[in-house]
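Participant: from the sequence below, what's the structure:
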Amino acid sequence: MDSVKPLSATDLYRHCDLAQLPFNTTDDLEDIQGTIGQPRAVEAVRFGVGIQQHGFNIYAMGPSGMGKRSLVTRFFEEQAKQQPTPNDWCYVYNFERPHQPHAVSLPPGKGIEFQKDMERFVDELRSTLSAAFESDDYRARRQVIEQEVQESQEKSLEQLQQQAQAQNIAMVRTPNGLVFAPMRNGEVLSQEEFHNLPQEEREKMGAGLESFQKELQKILQQVPVIQREIRDRVNDLNKEVTRYSVGGLITELKDRYAGIPEVLEYLDNIHKDVVENARNFLSEESSDNLPDSLATAMAARAQMQQQAFLNRYQVNLIIDHHASEGAPVVYEDNPTLQNILGRVEHMAQMGAFFTDFTLIKPVALHAANNGYLVLDVRKVLQQPYTWEALKRSLQSSQIRVESVEQMFSLISTVTLEPEPIPLNVKIALLGDRNLYYTLSSVDPDFGELFKVLADFDEQMDRDNDSQLRYAQVIARMVRDDHLMPFNRMAVAR
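Facilitator: Next comes the predicted model:
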C-alpha cells in the first residue's frame, strides 16, 4: 500500500495570473450582466419559460444565496415584456342569483373606467329619479289615478244611498262606519220612534235595512281590491317614469362599452332591475310626528337600506392593468391560504355581520394571472392548506374564491360563491433539494404540475472568466453597500 504523501504549499494554492484581470480595482468594472455559471439552471429556466403547456411550471432547486430568485425573476420579466397586457377583471352583482357574483373581463384599462362610470351612474340615478318623482307632472298623474279609483267607489256608494232614500232609508256615517237607518218625512227616526211604528211597517223597514246593509258590505269588501288597483296603477306609472328617466343613462353607458357583450348584458339587467324596484327611489313617509330618537333611528335605517340597495350597481375591480405594460411578474412573500385562495370579507352593521360582492378581495393568483408568480416553497408548505389550494387552482385552471370558514365547515352561515376566473399562470417555486425530493416522493401531483427542474450548482470552475465575473459581483456589492473598492490582488485571493 502506498504511503500517504504530504501536500506541499504549492499543492494547496491555486495561482491566479493577475495579468488576466483587466482592472486595477473593482471600481473600474461595469455591473455584471447575466448569471455567473449555472449553465444547466439557465437552460432549464429558459426552457420552462418558453414552453406554454399545462404543468410546465418550474422548481428552482438549490441552497439559499445561489441567485435562484433573481435569475428566475429576470427571465420572467424578459418574457413578460414580450407578452400582451392581460385583461382587467371585476365582479358585478348577479340579479338572478345574488350569492353568485358574475366575473366580467374587460380590455386592460377599461376596468377602472367601468368602475368609475358605474359610480357616476349611481349618483346620477339618485338625482334623476328624485327629480322625476318630485315633478309636478308625476304628482298630477298619480293624483288622477287615485281620484279615478276613489270616485268609482264613491259613485257606487252614492247610487246605493239614492236607492235607500227612495225607500225612506238613510245612510249615516258614524264613528264605527257607515250604517243605514229608517226615515220618515226626510228625518232619521230614533230607536224609540222606530219601535212605535206598526209591526208590519217595522218588518218592512227592517228587511230593507238588512238588504241595503248587505249591499253596503259588498261595496266595502271591494276596498282592498280598489287599493290594490291603485297600487298596481301607481307601480305601472312608477315603472314608466323610471324607464324613461333611466333610459338615457343606460344608453350612454352601452355606447361606451358597445364591444363588450358581457357589459351590455349587465347594463340591460340593471335597467330592468331599476325599473322593477322603482319604489326604492321614492321618498320615505314623513316621521315628523314620531319622537326624535325613533325618527332618527328610522331615518338611519332607511338610508342604510337604500345604500345597500344601490351597492348592487357598483363594480368590484379585482384585476386592474391600466398602468401595466406586458404580463405581470409577482413575488408573494406571505403565501397564506387567503393570499393564494382569496377571501370574502364581512362588515358589522347593527350587531350583525353581512357581506356582498364588493367585499371580495384579490389575491396573488389574481395579480399574476396571465403572467408569472414566484413563491418560496418552504413558506407555502408552512401555511396550513395553502399547498393543496395552490394545486387545486393549477389543476382546474381557475381562481375560485371561497370562504375558508365555509370550506372547513367552521360556520354554517350563507356566504358568497363568486364565479371562478380562468387561470393561466407560470409558477416558479424556490426551494432546496430536500424539499424537492420529499415532494416528489410523497405528492403524486407534484411531478405533474412542476415538470421543469432548474438545478442550481453550489460549485463552478475557477478560471479566468469566472474570476472576472466574480469581481463584477464584488463591484456591484461595493457600489450598493458604499464600500471601498477592492484591488485585483484581493479578488485573486
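Participant: ok, which stretches of the stretch 51-200 of the chain are strands?
Facilitator: Listed in chain order, the strands of the stretch 51-200 of the chain (DSSP state E, counting those that start in this stretch) span 58-61, 88-92, 102-106, 169-174, 177-184, 187-188.
Participant: swap that for the stretch 201-350 of the chain, please
Facilitator: Under the criterion DSSP E, counting those that start in this stretch, the stretch 201-350 of the chain carries strands at the ranges 316-319, 329-331, 343-344, 347-349.
Participant: which residues are contacting the shortest one?
Facilitator: Contacting residues not belonging to strand 343-344 are listed as Thr355, Leu359, Ile360, Lys361, Val363, Val401, Ser403, Val404, Thr415, Leu416, Pro418 [C-beta atoms under 8 Å, 6 or more residues apart in numbering]. Backbone N, C-alpha and C define where each C-beta goes, glycine included.
Participant: mind listing which of these are in strands?
Facilitator: Among those, the members found in strands (DSSP state E) are Ile360, Lys361.
Participant: any idea which of the contacts of strand 343-344 has the most stuff around it?
Facilitator: Counting neighbours by other C-beta atoms under 10 Å, Val401 comes out on top of the contacts of strand 343-344 with 25 neighbours.
Participant: and the gap between the spatially closest residue to it that is not a sequence neighbour and Val363?
Facilitator: Take Val401 and drop its neighbours on the chain: the residue closest to it by C-beta to C-beta, 6 or more residues apart in numbering is Gly342, 3.4 Å away. Counting by C-beta to C-beta, to the nearest Å, the gap from Gly342 to Val363 is 5 Å.
Participant: give me the common contacts of the two.
Facilitator: Where contact means C-beta under 8 Å, 6+ apart, the residues bridging Gly342 and Val363 through contact with each are Ile399, Val401.
Participant: in the helix or strand containing Leu381, which residues are buried?
Facilitator: When elements are defined using DSSP states H and E, Leu381 is found to belong to helix 377-382. Within helix 377-382, the residues that qualify as buried are Val377, Lys379, Val380, Leu381, counting by 16 or more other C-beta atoms under 10 Å.
Participant: got a list of contacts for that helix?
Facilitator: Helix 377-382 has contacts (C-beta under 8 Å, 6+ apart) with 59, 333-335, 340, 386-387, 390, 429-432, 435, 439.
Participant: shouldn't Glu325 be in contact with Pro84?
Facilitator: No - contact between Glu325 and Pro84 fails when scored by C-beta atoms under 8 Å: they sit 9.9 Å apart.
Participant: neighbours of His321, how many?
Facilitator: By other C-beta under 10 Å, 25 other residues sit near His321.
Participant: again, but for Gly259
Facilitator: The number of residues packed near Gly259 is 9, by other C-beta under 10 Å.
Participant: separation between it and Gly109?
Facilitator: From Gly259 across to Gly109, the span is 14 Å (C-beta to C-beta).
Participant: same check on Arg233?
Facilitator: Separation of Arg233 from Gly109 (C-beta to C-beta) stands at 47 Å.
Participant: got it, and Val49?
Facilitator: In this structure, Val49 and Gly109 are separated by 26 Å, where distance is defined by C-beta to C-beta.
Participant: those two - which one has more neighbours?
Facilitator: Neighbour totals were compared for Val49 and Gly109, and Val49 leads with 20 against 15 (other C-beta under 10 Å).
Participant: look at that one and tell me its secondary structure.
Facilitator: Three-state secondary structure (criterion: DSSP: H, G, I helix; E, B strand; the rest coil) places Val49 in helix.
Participant: ok, it touching Thr73?
Facilitator: No - in this structure Val49 lies outside contact range of Thr73 using C-beta under 8 Å: 11.1 Å.
Participant: helices along the stretch 1-150 of the chain, start to end?
Facilitator: 39-50, 68-81, 110-133, 136-166 (DSSP state H, counting those that start in this stretch).
Participant: which of those helices comes out lowest on mean pLDDT?
Facilitator: Note on the helices of the stretch 1-150 of the chain: lowest mean pLDDT is at helix 136-166, with a mean of 74.
Participant: and Asn424, which of the helices of the stretch 1-150 of the chain is closest to it?
Facilitator: Closest approach to Asn424 among the helices of the stretch 1-150 of the chain is made by helix 68-81 (13.1 Å; C-beta to C-beta).
Participant: contacts for the closest one, please.
Facilitator: When contacts are taken as C-beta under 8 Å, 6+ apart, the neighbours of helix 68-81 outside the stretch itself are 35, 38, 41-42, 45-46, 49-50, 58, 60, 62, 325-329, 331, 371-372, 374, 426, 428, 430, 454, 456.
Participant: what residues sit buried inside that helix?
Facilitator: If you call a residue buried by 16+ other C-beta under 10 Å, then helix 68-81 has these buried ones: Lys68, Leu71, Val72, Thr73, Phe75, Phe76, Gln79, Ala80.
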